[in-house]
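**Student:** Sequence first, predicted coordinates after that:
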Amino acid sequence: MLSIFFYINFLLFGSIVHPYYDFRKVSGSDSFYEALVANLFSPGRGLFIYSPIFIFSIYGIYLKKKMEKLSVFDYAIFSIVILHWILVSRNLNWWGGHSYGYRLLSDTIPFFVYYLIFSVQYIDKRTILYGFCFISFLISFYMKF
């Protein structure tokens, strides 16, 4: 079955894999630093624009560091998120084409949720921070549905 896949790709594209998966696309672009910021805060692609609840994931990392509860697992998760963000930003098509939201960073959502659980667990329900967390959750929910 895999040989059929490779054969069709070779007939259509002259390579055994689709050009979409070409590693040379992540060789970097002139707009790398722009892409780093835009992938997080751009009105068209920004992770924290379309899901502001994930800002509290950063707060969760801060809390774990402050409480000295960071483990090797936490450093591994954080490294995965950072490396994925850099890889997406180095892509020549860093904006992800014609789509809605942060399509290329969507693979990092489970990692952000992991830290989000920790931060929400320690936010006092009587503080203004809890209100901001709830509002950012509603905005994130509305933006996705």
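**Tutor:** All right, it came through fine.
**Student:** which intervals of this protein have sub-threshold pLDDT?
**Tutor:** 23-26 (pLDDT under 70).
**Student:** now the helices for it?
**Tutor:** 2-13, 32-41, 47-50, 55-66, 72-90, 109-122, 128-144 (DSSP state H).
**Student:** ok, and for the third one, which residues are buried?
**Tutor:** Which is helix 47-50. Under the neighbour-count criterion of 16 or more other Cβ atoms under 10 Å, helix 47-50 has 47-50 buried. In this view, the C-beta of every residue, glycine as well, is placed from N, C-alpha and C.
**Student:** wait, which of the residues you listed is closest to Ser15?
**Tutor:** Using Cβ to Cβ, Leu47 comes nearest to Ser15 of these, at 31.7 Å.
**Student:** so what's that closest one closest to, chain neighbours aside?
**Tutor:** Tyr102 (4.5 Å; Cβ to Cβ, 6 or more residues apart in numbering).
**Student:** was I right about Glu94 contacting Tyr33?
**Tutor:** Wrong residue type there; residue 94 is Trp, not Glu. No: between Trp94 and Tyr33 there is no contact under Cβ atoms under 8 Å: 11.1 Å.
**Student:** between those two, who's got more neighbours?
**Tutor:** Per other Cβ atoms under 10 Å, whichever of Trp94 and Tyr33 has more neighbours is Trp94, with 22 against 9.
**Student:** Chain neighbours aside, what residue packs nearest to that one?
**Tutor:** Trp94 sits nearest to Ala35 (Cβ to Cβ, 6+ apart), 4.0 Å away.
**Student:** Check the protein and tell me which residue is nearest its centre.
**Tutor:** Centroid check for the chain by Cα atoms, centre = their mean gives Leu105 as the closest residue, at 3.1 Å.
**Student:** OK, contacts around that residue?
**Tutor:** Shown in contact with Leu105 (Cβ atoms under 8 Å, 6 or more residues apart in numbering): 39, 47, 84-85, 88.
**Student:** got CSV for those residues, with distance to Pro110 too?
**Tutor:** Output for the contacts of Leu105, formatted as CSV (distance: Cβ to Cβ, whole Å):
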residue, distance to Pro110
Asn39, 18
Leu47, 14
His84, 12
Trp85, 15
Val88, 16
